[in-house]
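>>> please find the sequence and the predicted model below.
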Amino acid sequence: MVHKSFNIIAQSIDIHGPDNYPNGCKFSPDGLCVLTSSNKDSKLRVYNTFASETDLMDVGENADDSTCTAALPSASPTAASSLPSIRPWKSELCADGGDAVRCYDWYPTMRSDEPASCCFVATARSQPIHLYDAYSGLIRATYRAYNSLDELESAMVVSFQPSGQHFAAAGFRTADQRTIHIFDTAIPGRQSNTFLLGKTRRSSDGQKGMVSALAYGAARSGQQNLLAVGAYAPGSIYVYDQRAGIHRSGTVLENGHCVAGLKYTGMGGCSKRRRFDPSYDAQTFMTNKRDHNEHEPDKKVDDCAASTSWLLPAKSNWFQTRAHGGVTQLQFGNNIQDYILYSSSRRSNSILAWDLRMLSDRQDLAPQPCISYGLASYATDNDTNQRLQFDINETGDTLYAAGRDKCVRIYDTKTGALREIIEGLEDAVNGVSFGLMPSNPQRTHLAVTTGSRRFPSEDDLDSEIVQALSSNAAAGCIRLYQL
């Protein structure tokens, strides 16, 4: 691992109050803005980045607050002294979320020089889904999801389709928790296409649990209709083809355990289950299988039968301990690695990578159900119920993982090696987002949000002590690094 000096460009100064911190962050598609939501005041904030050194100097000269200096993490004192001071960072837009903001997503084709495209969608507790204007903060449109009792439901997660024409909303807490609503962005109101993940809430068919994560495939590879859905309790990940009316096309996780292959019978029965052993290389297995079939054509070895040598039950505990909780985030790989699906789970210390080129329901590749390969895992400190983010750069070869231990880990996705660690942050890192400016590809940024909720111990149950602890709790912040 090589320690590298990271230039801290700016740090937010407008998030105040005890137990108030940003919940994750997300760069705009054009790389010029960062969107985040704060925990206690339920605000949606948009921060502008710095397209050039001139913009950075202008911010420093026009700042109302005094700038602060800080040594860079993992940098020598000599290198830190030669780097510029941290600029105070104020949001250009502050919109009211109405209640605790649960999820937000940028319009996929957003460009700052096209005001009509500058918008984002957000969902909050006890609120309908709103489409916000990124310039004025006003609500452009409202989308309402109703349950079978004609009651308004608030979604847990939202995600835009790559074209921006539709977005998916899911994670409803009542009887319709196994429902996905697909809204047309141009048609606000209650009109939506509704898809069920199972016949009823208690039926054995389909995906169980409340939906907690959504991710669409990349448009450039023709996978814009591919929707990955993660769920809480039991933790599971299903992959659906939206063109077929949310028809199940493969399963990666089920019931909190890593499943390499499933053979479905009827609506939801499972006749065979295999688990993944991380010590065995998937490419080596396929090579050995092909060589065996060439030398002994009369004794063909299929995927499920031959996999018994490396899918040992005794070795399945490795993945079970990393995927037992509910899924908190899903993301497809970028560039040529768009067939890889990355996932993270709560109270799990690993981010997992899955190969989606062979899914359990694909019968065209072999007479037996194919195997969904687990490719790699990336360690991080995520033993918490708080949602901690990860992100991938534009080429797909670098993964940035937030951690509860006040640091950001940077991995090489090709080798799995840990490249660098950003240390020295004041609180748990709950969000990371990689930003690339298409107009200036040489200028890349990393936004990092810190903050976590503080709970008093049993010895501090006195009201005065609890009030003192709450008043002394530091607010979280968002930092901008130049890579």
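That came through fine. Everything numeric in this text was worked out from a predicted model, so none of it was measured.
>>> only C-alpha atoms from now on, for both contacts and neighbour counts.
Will do.
>>> can you tell me how far the residue nearest to Thr398 when sequence neighbours are not counted is from Asp405?
Nearest non-adjacent residue to Thr398, counting by CA to CA, 6 or more residues apart in numbering: Asp412, 4.9 Å away. The gap separating Asp412 from Asp405 is 20 Å, by CA to CA, to the nearest Å.
>>> give me the neighbour count for Asp150.
Around Asp150 there are 8 other residues, counting by other CA atoms under 10 Å.
>>> ok, now the one 3 residues further on?
A count of nearby residues for Glu153, using other CA under 10 Å, gives 22.
>>> mind listing the residues bridging to it?
Ala145 (DSSP bridges).
>>> pLDDT weak spots in the stretch 51-200 of the chain?
Per-residue confidence for the stretch 51-200 of the chain (pLDDT under 70) gives these ranges: 51-84, 175-176, 199-200.
>>> related to what we said a few turns ago, ok, the residue nearest to Thr398 - contacts?
Residues in contact with Asp412, defined by CA atoms under 8 Å, 6 or more residues apart in numbering, are 397-399, 418-419.
>>> you'd agree Gly164 is up against Ile182?
No. Gly164 is beyond contact range of Ile182, at 11.8 Å (criterion: CA atoms under 8 Å).
>>> which parts of the stretch 51-200 of the chain are strands?
87-89, 93-96, 101-106, 119-124, 129-133, 139-143, 145-146, 152-153, 157-160, 166-170, 179-184, 193-196 (DSSP state E, counting those that start in this stretch).
>>> likewise for the stretch 301-450 of the chain?
327-332, 340-345, 350-355, 373-379, 390-392, 398-402, 408-412, 418-422, 429-437, 440-450.
>>> okay if I get the ones you listed as a markdown table plus mean pLDDT?
As requested, the strands of the stretch 301-450 of the chain are exported to a markdown table (pLDDT from 0 to 100):
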| stretch | mean pLDDT |
| --- | --- |
| strand 327-332 | 93 |
| strand 340-345 | 91 |
| strand 350-355 | 88 |
| strand 373-379 | 81 |
| strand 390-392 | 96 |
| strand 398-402 | 95 |
| strand 408-412 | 95 |
| strand 418-422 | 93 |
| strand 429-437 | 92 |
| strand 440-450 | 88 |
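>>> adding distance to Gly97, write those strands out as CSV.
CSV is the format used below for these (distance: least, CA to CA, whole Å):
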stretch, distance to Gly97
strand 327-332, 21
strand 340-345, 26
strand 350-355, 30
strand 373-379, 33
strand 390-392, 24
strand 398-402, 25
strand 408-412, 28
strand 418-422, 31
strand 429-437, 19
strand 440-450, 19
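>>> of the ones you listed, which is nearest Ala100?
strand 429-437 (16.0 Å; CA to CA).
>>> and the closest one, what other elements does it pack with?
Counting contacts by 3 or more CA pairs under 8 Å, 6 or more residues apart in numbering; DSSP states H and E, strand 429-437 packs against strand 26-27, strand 390-392, strand 398-402, strand 440-450.
>>> quick revisit: between Gly164 and Ile182, which has more neighbouring residues?
Ile182 (22 against 17).
>>> ok, now how distant is the closest residue in space to that one that isn't next to it in sequence from Ser192?
Residue nearest to Ile182 in three dimensions, not counting chain neighbours: Ala168, with 4.6 Å by CA to CA, 6+ apart. Per CA to CA, Ala168 is found 10 Å from Ser192.
>>> mind listing the shared neighbours of these two?
Both Ala168 and Ser192 are contacted by 181-183, under the criterion CA under 8 Å, 6+ apart.
>>> what are the boundaries of the helices in the stretch 1-150 of the chain?
Assigned by DSSP state H, counting those that start in this stretch, the stretch 1-150 of the chain shows helices spanning 53-62, 77-81.
>>> kindly apply the preceding question to the stretch 151-300 of the chain instead.
Under DSSP H, counting those that start in this stretch, the stretch 151-300 of the chain gives helices at 282-295.
>>> so how far is Tyr135 from the residue nearest to Thr398?
Asp412 is 36 Å from Tyr135, by CA to CA.
>>> again, but for Asp381
36 Å.
>>> neighbour count winner among the two?
Asp381 (21 against 15).
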